[in-house]
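*Asks:* Give me a model of this one.
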Amino acid sequence: MLESEGKLSLEDKITKYFPDFMLYDTLASQLVTIKDLLTHRIGLGTFEGDFITWGTTFTRSELINKLRYVKPTYGFRDGYGYCNIGFLTAGEVIPVVTGKSWDEYIKEKLLIPLEMNRTTTHTSEVTKMDNIAIPHTLNANYEMVPIPWRNVDNLAPAASICSSAKDMANWILMQTNAGVFKGNTIVQKKDLLKPKLHTML
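*Replies:* Here you go, the predicted structure:
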């Protein structure tokens with residue numbers, strides 16, 4: 001959406017927005033683009049680096065900074081590895097470009113227009129809702145017991161959206177109706193159909 005508005009290009013190098021951005025490899029650090037981050041081709045294997053993200057109190061910028069210490073599995077653009085911090089880094093371009101946090105931008109541009117009223121990007125909001133699914137695990141006696149929600153707000157925009165079946169149906173209706181929901185254009189059809197990049201909300 002921001003690319004269509006001329007506010008950024010997916011081919012922009014990430015150092016345009018974060019001059020001190022670094023990967024483990026110095027050359028890759030200078031070449032990596034927003035598109036590379038969103039398509040998971042920065043050289044890391046799937047979920048590499050997640051132990052420094054999940055359940056931590058590091059800020060989003062601190063997590064991006066720690067990416068430089070994660071040794072890659074592949075050469076730059078030589079392999080696919082799903083990378084949460086890559087999504088986080090790409091999402092943090094939004095505040096630089098719009099002056100709004102990723103959370104605010106998503107809410108304003110997608111959640112409110114799509115009437116996704118039981119969808120949030122904040123763990124603290126989920127825990128205040130009624131009629132929600134909660135995480136469970138097996139205890140030492142192999143009994144299924146509830147466990148607290150893990151706060152992943154610092155990792156947003158990766159893995160932080162909690163939603164309901166009805167809200168997700170609205171998202172799908174918009175997608176299948178070429179970007180239109182209840183007569184309102186939420187996303188331009190040309191942006192939904194771009195073959196160069198496929199990402200998830």
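*Asks:* how far is the helix or strand hosting residue 86 from where the chain is centred?
*Replies:* For residue 86, the enclosing helix or strand under DSSP states H and E is helix 84-91. Between the mean C-alpha location of helix 84-91 and the chain-wide mean there is a distance of 6 Å, by Cα atoms, centre = their mean, to the nearest Å.
*Asks:* Which elements pack onto that helix?
*Replies:* The contact analysis (3 or more Cβ pairs under 8 Å, 6 or more residues apart in numbering; DSSP states H and E) places helix 84-91 against helix 34-38, helix 60-66. (C-beta placed from N, C-alpha, C; glycine too.)
*Asks:* Touching the longest one from outside, list them.
*Replies:* For helix 60-66, contacts defined as Cβ atoms under 8 Å, 6 or more residues apart in numbering pick out 18, 20-21, 49, 52-53, 56, 58, 85, 88-89, 92, 154-156.
*Asks:* and what of the shortest one?
*Replies:* Taking Cβ under 8 Å, 6+ apart as the criterion, the residues outside helix 34-38 that touch it are 8-12, 14, 42, 77, 83, 86-87, 89-90, 93, 196-197, 199.
*Asks:* repeat that with 7 Å
*Replies:* 8, 10-12, 14, 42, 77, 86-87, 89-90, 93, 197, 199 (Cβ atoms under 7 Å, 6 or more residues apart in numbering).
*Asks:* Rounded mean pLDDT for it, please.
*Replies:* Model confidence over helix 34-38, given as mean pLDDT, is 95.
*Asks:* And for the protein, the residue most distant from the center?
*Replies:* The outermost residue of the chain relative to its centre, with distances by Cα atoms, centre = their mean, is residue 141 at 36.3 Å.
*Asks:* How about the secondary structure of that one?
*Replies:* Look at residue 141: counting by DSSP: H, G, I helix; E, B strand; the rest coil, its state is coil.
*Asks:* How confident was the prediction at the closest residue to residue 127 other than its chain neighbours?
*Replies:* With Cβ to Cβ, 6 or more residues apart in numbering as the criterion, residue 127 has its nearest non-adjacent residue at 5.7 Å, and that residue is residue 149. In the prediction, the pLDDT value recorded for residue 149 is 84.
*Asks:* still on that earlier bit, can I get the CA coordinates of the helix holding residue 86 in PDB?
*Replies:* Output of helix 84-91 as PDB, limited to C-alpha atoms (Å, rounded to 0.1, in the frame of the first residue of the first chain):
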ATOM      1  CA  ASN A  84      10.500 -13.200  12.300                       C
ATOM      2  CA  ILE A  85      13.100 -10.400  12.800                       C
ATOM      3  CA  GLY A  86      13.100  -9.900   9.100                       C
ATOM      4  CA  PHE A  87       9.300  -9.100   9.200                       C
ATOM      5  CA  LEU A  88       9.900  -7.000  12.300                       C
ATOM      6  CA  THR A  89      12.500  -5.000  10.500                       C
ATOM      7  CA  ALA A  90      10.400  -4.400   7.400                       C
ATOM      8  CA  GLY A  91       7.500  -3.400   9.500                       C
END
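*Asks:* what sits up against the helix or strand following that helix?
*Replies:* Tracing the chain C-terminally past helix 84-91 and defining elements by DSSP H and E, one meets helix 93-98 next. Applying Cβ under 7 Å, 6+ apart, the set of residues contacting helix 93-98 from outside is 2, 7, 8, 17, 34, 100, 101, 102, 105.
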